[in-house]
Every structure is written in structure tokens, then in C-alpha cells.
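S.K.: sequence unknown, structure follows:
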């Protein structure tokens, strides 16, 4: 069905109690390192509610109680100040993460190139991930040093002091129009290198946390 956030029944084919969880940008700014700077985006981590009930066939259906929140998915409004940010290329799902590139074309409609923001977010909620995914500081390792400190959106300024939180960035801005990556697993088995081709014919590298591989199973006794 269709989604209308302003309507009482937001999803046309679902009860009025069912909607989509909204994630929002809580930070987008330049972060300075020793020899370079990065524009980084951080999304909210609002919790999703899957509230289902069993019907007569014992199949789970969304709760029809309008007082109980129930989400059928999530969305994120692209907030870049240019007003031109959009998704024009397929995303990828890897290891419970949604990898998607947003594109920001040039001001002139016929001009080639543009900018891109590479995102990794929780595939189930659309929110930011708890652990860093990118080698932000270019140390060749993805660790806690790849978190950034941002103003705490829940508290702001208290007693004259700005409250902050340490978070993992959700997106990295690049001054190039980028395409979905080819992924190479590194010898340490802990990281992987993503190779992004650009509209200018260049290759941009980004080191990230490697996909968690293996077999998942359970035993019944």
C-alpha cells in the first residue's frame, strides 16, 4: 500500500495503529583529524515496535488496538540542505546492516558528478549502529576510536554546559558521485575493504568491519 505520514491511517492497507518508524538525522557536520577532515552523519536510534497478535489461523497479524504503537517498517527523510539528496542505486543487506549510498547532484541539472553519502544502518530499524563500522580515523583498524562525540539531542545544554554522547557515525560524505562497492575481505578476517567506483572514473577505498560469516543453527532436545 501507500504511506501518508499526515493521515490518520498512515499505511493504506493496514489498520490505523500500524505505521512506519521514523529515524532522523541528529548530526551532520565536519570532524577534524590530524591531516584531514570528514563530514559525518549520525542517525537516531529510535526503537522499533513489532506488535502482533494471533488470528484464528494462528498467524501473526498487526494489533488492531489504536492505542498500541505498531511498526511495519521504517523510513528516513533525506535531509541534506541542498534538497537534492536522493537514493538512485540499490542498497545492500549484509550481516544485519543496510548499506546504501545517497546521491546529491550538482546545482546545474545537466552538470556531471556530484556528492555521495555512504550509510550503514540497522536493517531492521533504520537507526544508527552501536559499534563503529568505518575506519574513520584511517588507523587501518575499526575500533572504539572511530566513534565521534556529538551534542546529546535528548539533553542539550544543562546548567550552562552542553551534554554530549559518543556514537558510531552512520554515514560518510564524499565529494564524488559513487556507485555500489566491490568488497574484498582483508587477511585479518576482521575488516573488509570496499572499492567504490565514481562517476569521474576514480576508485575510492573505505575500510570497514568485515561481514560475520559462519553457520547459525540450533539443537532441539
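M.R.: Thanks, I have it. Since the model is a prediction, treat every value here as computed from it, not as a measurement. Residues are numbered from 1 along each chain as shown.

S.K.: for the rest of this, base every contact and every neighbour count on C-alpha atoms.
M.R.: OK.

S.K.: point out where the protein drops to low pLDDT.
M.R.: For the chain, applying pLDDT under 70 flags the ranges 52-67, 156-160.

S.K.: ok so residue 145 is a helix residue?
M.R.: Yes. Per DSSP: H, G, I helix; E, B strand; the rest coil, residue 145 lies within a helix segment.

S.K.: mind listing what it touches?
M.R.: residue 137 (C-alpha atoms under 8 Å, 6 or more residues apart in numbering).

S.K.: which element is residue 49 on?
M.R.: Under the criterion DSSP states H and E, no helix or strand holds residue 49.

S.K.: I'd assumed residue 74 was in contact with it.
M.R.: No. Checked against C-alpha atoms under 8 Å, the pair residue 49 and residue 74 is beyond contact range at 10.4 Å.

S.K.: quick check: bridge partners of residue 209?
M.R.: residue 191 (DSSP bridges).

S.K.: next, count neighbours for it.
M.R.: A count of nearby residues for residue 209, using other C-alpha atoms under 10 Å, gives 20.

S.K.: now it: how far from residue 188?
M.R.: For residue 209, the distance to residue 188 (C-alpha to C-alpha, to the nearest Å) stands at 11 Å.

S.K.: and if you look at residue 26?
M.R.: Residue 26 is 33 Å from residue 188, by C-alpha to C-alpha.

S.K.: do the same with residue 126
M.R.: 29 Å.

S.K.: okay, these two: which has more neighbours?
M.R.: For residue 126 versus residue 188, neighbours defined as other C-alpha under 10 Å are more numerous around residue 126 (25 against 8).

S.K.: what sits against the more buried one?
M.R.: Counted by C-alpha under 8 Å, 6+ apart, residue 126 has contacts 23, 45, 74-76, 98.

S.K.: joint contacts of residue 49 and residue 74?
M.R.: With C-alpha under 8 Å, 6+ apart, residue 49 and residue 74 have no common neighbours.

S.K.: what's the local residue count around residue 88?
M.R.: Other residues close to residue 88 by other C-alpha under 10 Å number 11.

S.K.: beta partners for the residue nearest the centre of the chain?
M.R.: Closest to where the C-alpha atoms of the chain average out (C-alpha atoms, centre = their mean) is residue 121, at 3.0 Å. When bridges are called by DSSP bridges, residue 121 pairs up with residue 98.

S.K.: returning to what we had before: filter the contacts of residue 126 down to the buried ones and hand me the PyMOL line.
M.R.: Here is the PyMOL command that selects the buried residues among these (16 or more other C-alpha atoms under 10 Å):
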select buried, resi 23+45+74+98
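
S.K.: how about residue 103, secondary structure?
M.R.: Applying three-state DSSP: residue 103 is strand.

S.K.: quick one, what contacts it?
M.R.: Per C-alpha under 8 Å, 6+ apart, neighbours of residue 103: 85-88, 114-117, 177-178.

S.K.: give me the neighbour count for the nearest residue in space to it that is not next to it in sequence.
M.R.: The shortest distance from residue 103 to any non-neighbouring residue, by C-alpha to C-alpha, 6 or more residues apart in numbering, is to residue 116 (4.6 Å). Residues lying near residue 116 (other C-alpha under 10 Å) number 24.

S.K.: and residue 96, by the same measure?
M.R.: 13.
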